[in-house]
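Undergrad: Have a look at this fold, sequence not included:
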């Protein structure tokens, strides 16, 4: 049986996503149970940059792996794990060019929030040309929303929450959020606060709509796009099918071309199939690493 240690200090926003990626027989325990009941058992630790992980693993004398979440600021704490011979692998969110070519450090996305597996009706109709739900803060989001509002692509729906909030109480319930995605043909997915990575892109794919994103933003620039650094190689899962553009006006024109050409249903089917392959790729990689310790 594989063992995963989830410290109490780590938020459970991605719990369901991590649970999906881990082996089916993997047991998740807190740090106290690890010490008391599984002291000598190799395991995978779930950490992020605000958890005092050095204290938790100070006395660890066995092999372990790390799932490192939420490092939006691209901290250098990976050095600790890279240099520790007991640490056999690190799977992290957020592309960090410092560790891109280090075999021990691997990348997977932040994907969907906890509870996103909630069931919605299978026969939901596409009521909206596009939608956005979340905090509209900073130019990266206001520019996107303003451009799409002015585009003439209608009907649309915006459910905004206060700027600089995350998972705000004013937001939609998880059910209503997933339903909105299913009711939308396209979902506008601006970058996160500091880097491209944002759960909205992956929730859109999981919820059954076509994401619309920019190619790069701020801290990290990858050719041909940030998303090509996160998603699996095209040689394994095929080319990224969703809409990637250098600007929001270019993205809007791509959407209009798809609509005028009657290509939406084909594009949506490609997005769904690609997402299934990507999830299987990340799951297989993490399962293999967890099984090796």
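TA: Arrived safely. Worth saying up front: this structure is predicted, and the values here are computed from it rather than measured.
Undergrad: hey, where'd the helices end up in the stretch 51-200 of the chain?
TA: 53-56, 78-82, 138-149, 174-183, 199-207 (DSSP state H, counting those that start in this stretch).
Undergrad: And the contacts of the fourth one?
TA: What it means is helix 174-183. When contacts are defined by Cβ atoms under 8 Å, 6 or more residues apart in numbering, helix 174-183 is touched by residues 113, 115-116, 118, 120, 124-128, 131, 133, 157, 159, 171-172, 187, 203-204, 207-209. Where you see a C-beta, it was placed from the backbone N, CA and C, and this is true even at glycine.
Undergrad: how far is that helix from where the chain is centred?
TA: Chain-centre distance of helix 174-183: 17 Å, with Cα atoms, centre = their mean, to the nearest Å.
Undergrad: now do the last one
TA: Helix 199-207 has its C-alpha centroid displaced from the chain centroid by 8 Å (Cα atoms, centre = their mean).
Undergrad: Following element in sequence after that helix, please.
TA: Following helix 199-207 in sequence order, the next helix or strand is strand 210-214 (DSSP states H and E).
Undergrad: Give the other helices and strands that that next one contacts.
TA: strand 184-188, helix 199-207, strand 243-245, helix 248-260, helix 264-291 (3 or more Cβ pairs under 8 Å, 6 or more residues apart in numbering; DSSP states H and E).
Undergrad: Out of these, the one nearest residue 60 is which?
TA: Residue 60 lies closest to helix 264-291 among those, at 16.1 Å (Cβ to Cβ).
Undergrad: Okay, angle between the closest one and helix 199-207 too, please.
TA: Helix 264-291 runs at 110 degrees relative to helix 199-207, counting by axes from the mean of the first three to the mean of the last three Cα atoms, to 10 degrees.
Undergrad: Any idea how many residues pack against residue 59?
TA: Residue 59: 8 surrounding residues under other Cβ atoms under 10 Å.
Undergrad: Quick check, residue 243 in contact with residue 210.
TA: Yes: assessed by Cβ atoms under 8 Å, residue 243 is found in contact with residue 210 at 6.4 Å.
Undergrad: anything in contact with each of the two?
TA: residue 186.
Undergrad: Let me have the helices and strands packed on strand 210-214 in CSV, extended by mean pLDDT.
TA: Listed next are the helices and strands packed on strand 210-214 as CSV, based on pLDDT from 0 to 100:
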stretch, mean pLDDT
strand 184-188, 98
helix 199-207, 97
strand 243-245, 98
helix 248-260, 98
helix 264-291, 98
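Undergrad: Next one: residue 230 relative to residue 220, how far apart?
TA: Counting by Cβ to Cβ, to the nearest Å, the gap from residue 230 to residue 220 is 10 Å.
Undergrad: Could you do residue 180 as well?
TA: Distance check for residue 180 against residue 220: by Cβ to Cβ, it reads 29 Å.
Undergrad: Neighbour count: the two, which is higher?
TA: Remark: of residue 180 and residue 220, residue 180 carries more neighbours, 22 against 18, as counted by other Cβ under 10 Å.
Undergrad: Deepest in the core, which of the helices and strands packed on strand 210-214 is it.
TA: strand 184-188 (a mean of 26; mean count of other Cβ atoms under 10 Å).
Undergrad: now that strand and helix 174-183, what's the angle there?
TA: If you take the same axes, to 10 degrees, strand 184-188 sits at 110 degrees to helix 174-183.
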